[in-house]
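**Student:** curious how this folds, go ahead:
(one chain, ligands or ions: 1)
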Amino acid sequence: VNADPRIASPFLLRQSPGPFIAVSTPTHPPARHAIGIDIGGTKTAIAVVDVIQHRILSRTILATEAGLGFDRAVGRIADGVEEALRQADVSRPWLAGIGIGCAGPVDPIQGLINNPFTLEGWDRCDIVTPLRERFRLPVFLENDADAAAFGEFVAGAGQGTNPMVMLTFGTGVGGATIANGRIMRGVLGEHPELGHIPVRPDGPLCYCGIAGCLESIASGTALAAAGSLLGMPDARAVFAAADQGHLAAKAIVQNATHAAGIAAWTLCHTLLPQRLVLGGGIMETEFKRFATAMRQHLNTVTQFTRDAVDIVPASLGNDAGLVGAALLAAPKS
Ligand SMILES: [Zn+2]
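**Tutor:** Predicted coordinates for the structure are as follows:
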């Protein structure tokens, strides 16, 4: 595996290469395209990405339909890859490989999806082998939060920073750290879940095993659940009502931004990022509100240079996961 020229690249993510990494033989021009696959609970996006210019050349969107079976889904994903390649009209020698970001938990070392929670029935499902065999390309699998953070780091709001932490506020709260140009992993190669750090011991009980984690208070699901008690249809309605002075809605929003502030405090004291990138659907409209609360919490810091930590919005939007997935397979630029 050390014959792989990418082994010295800061963008080579695998700290201990898994058995599924094919060794590329550099007999053709350096690859400039890669396939990115972003597998979510409801839909799967597939793209051909120019990994030098960070441009999406073509994309295909499928309903994931996890409950209809893993093998069926893999077949449809592979057909989607063929379709995306046809649309992009990319010649095979220019293809570096396939990168997959998937709603976790995943095992990036073994190439397994272990997520029966949001992908019904997908437990210990090997997605790497069938794609590698069909396309004869190296295939990389990561947690989707890690793929999105890597996308922002290489091609978006986190460029040139070290370390970079990204938090994604959507249905849940995801988080990932890029340190020295690599996705930071935990034991067994697993993904540290920054969205489940505790912020309020008296908060709602979360499926992660404690009450009052960041996700249980500041996710879209949590905001919508709190808002539904006031007859509000979703998180967006809660923010709108708060802006119009609705006191109970204001309290829900303040709980969420306060939770984000405490989380920022914890993340800065444990990881001390140069840049904290905030992404996900909620941040498309509410970035300023959350960043301000985080900044207020950090204003009393004494143990590090607080102005050295930047808080910025993600810049790749919904494409971060897709671009980041493709970049997992990119050679050194
Ligand atoms: Zn939790």
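**Student:** which element, helix or strand, includes Gly99?
**Tutor:** Counting by DSSP states H and E, the element that carries Gly99 is strand 95-102.
**Student:** partner strands of that strand, with direction?
**Tutor:** strand 33-39 (parallel), strand 139-143 (parallel) (DSSP bridges).
**Student:** ok, then the element right after it?
**Tutor:** Per DSSP H and E, the first helix or strand lying C-terminal to strand 95-102 is strand 106-107.
**Student:** closest to the ion out of the strands paired with strand 95-102?
**Tutor:** Taking Cβ to the ion, strand 139-143 is the member of those nearest to the ion, at 15.6 Å. Using the backbone N, CA and C atoms, a C-beta is placed for each residue, glycine as well.
**Student:** tell me what the next helix or strand after the closest one is packed against?
**Tutor:** The helix or strand immediately downstream of strand 139-143 is helix 144-155, counting by DSSP H and E. Contact here means 3 or more Cβ pairs under 8 Å, 6 or more residues apart in numbering; DSSP states H and E; on that basis helix 144-155 packs against strand 33-39, strand 95-102, strand 164-169, strand 173-179, strand 182-183, strand 275-279, helix 320-328.
**Student:** just send the ones you listed back as a markdown table, with mean pLDDT too.
**Tutor:** Shown next, in a markdown table, are the helices and strands packed on helix 144-155 (pLDDT from 0 to 100):
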| stretch | mean pLDDT |
| --- | --- |
| strand 33-39 | 97 |
| strand 95-102 | 96 |
| strand 164-169 | 96 |
| strand 173-179 | 96 |
| strand 182-183 | 96 |
| strand 275-279 | 97 |
| helix 320-328 | 96 |
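**Student:** need the winner for burial among the ones you listed.
**Tutor:** Across the helices and strands packed on helix 144-155, averaging neighbours per residue (mean count of other Cβ atoms under 10 Å) puts helix 320-328 on top, at a mean of 31.
**Student:** ok now it, how far from the chain's centre?
**Tutor:** On the basis of Cα atoms, centre = their mean, to the nearest Å, helix 320-328 sits 9 Å off its chain's mean C-alpha point.
**Student:** so what touches it?
**Tutor:** For helix 320-328, the surrounding residues in contact (Cβ atoms under 8 Å, 6 or more residues apart in numbering) are 11, 13, 34-38, 45, 47-49, 51, 54, 56, 59, 99-101, 140, 142, 144, 146-152, 154-156, 279, 314, 316.
**Student:** give me the subset of those touching the ion.
**Tutor:** Among the contacts of helix 320-328, no residue lies close to the ion (Cβ under 5 Å from the ion).
**Student:** in the stretch 51-200 of the chain, which residue sits nearest the ion?
**Tutor:** With Cβ to the ion as the measure, His196 is the residue of the stretch 51-200 of the chain nearest to the ion, at 3.7 Å.
**Student:** that residue reaches Ile210, doesn't it?
**Tutor:** Yes. Here His196 reaches Ile210: they are 7.5 Å apart, a contact under Cβ atoms under 8 Å.
**Student:** who has more neighbours out of the two?
**Tutor:** Legend: neighbour count by other Cβ atoms under 10 Å for His196 and Ile210, higher for His196 (20 against 14).
**Student:** for Thr300, find the nearest of the helices and strands packed on helix 144-155.
**Tutor:** The closest of the helices and strands packed on helix 144-155 to Thr300 is strand 275-279. By Cβ to Cβ, the value is 16.8 Å.
**Student:** mind listing what's buried along whichever strand or helix holds Ile77?
**Tutor:** Per DSSP H and E, Ile77 falls inside helix 70-88. Using 16 or more other Cβ atoms under 10 Å as the test for burial, helix 70-88 gives Phe70, Ala73, Val74, Arg76, Ile77, Ala78, Gly80, Val81, Ala84, Leu85, Ala88.
**Student:** what's the distance between Leu131 and Ala78?
**Tutor:** 6 Å (Cβ to Cβ, to the nearest Å).
**Student:** residues in contact with the residue lying closest to Met184 once chain neighbours are set aside?
**Tutor:** Distance criterion Cβ to Cβ, 6 or more residues apart in numbering; nearest residue to Met184, sequence neighbours excluded, is Thr177 at 4.0 Å. Residues in contact with Thr177, defined by Cβ under 8 Å, 6+ apart, are Ala149, Pro163, Met164, Val165, Met166, Ile183, Met184, Pro192, Leu194, Leu271, Pro273.
**Student:** my guess is the third one meets Val154, correct?
**Tutor:** This means Met164. No. Applying Cβ under 8 Å as the test, Met164 and Val154 come out as separate, 10.3 Å apart.
**Student:** from Ala256, how far off is the closest residue to Gln87 other than its chain neighbours?
**Tutor:** In this structure, Gln87 finds its nearest non-sequential neighbour in Ser58, 3.6 Å apart by Cβ to Cβ, 6+ apart. Taking Cβ to Cβ as the measure, Ser58 and Ala256 are separated by 37 Å.
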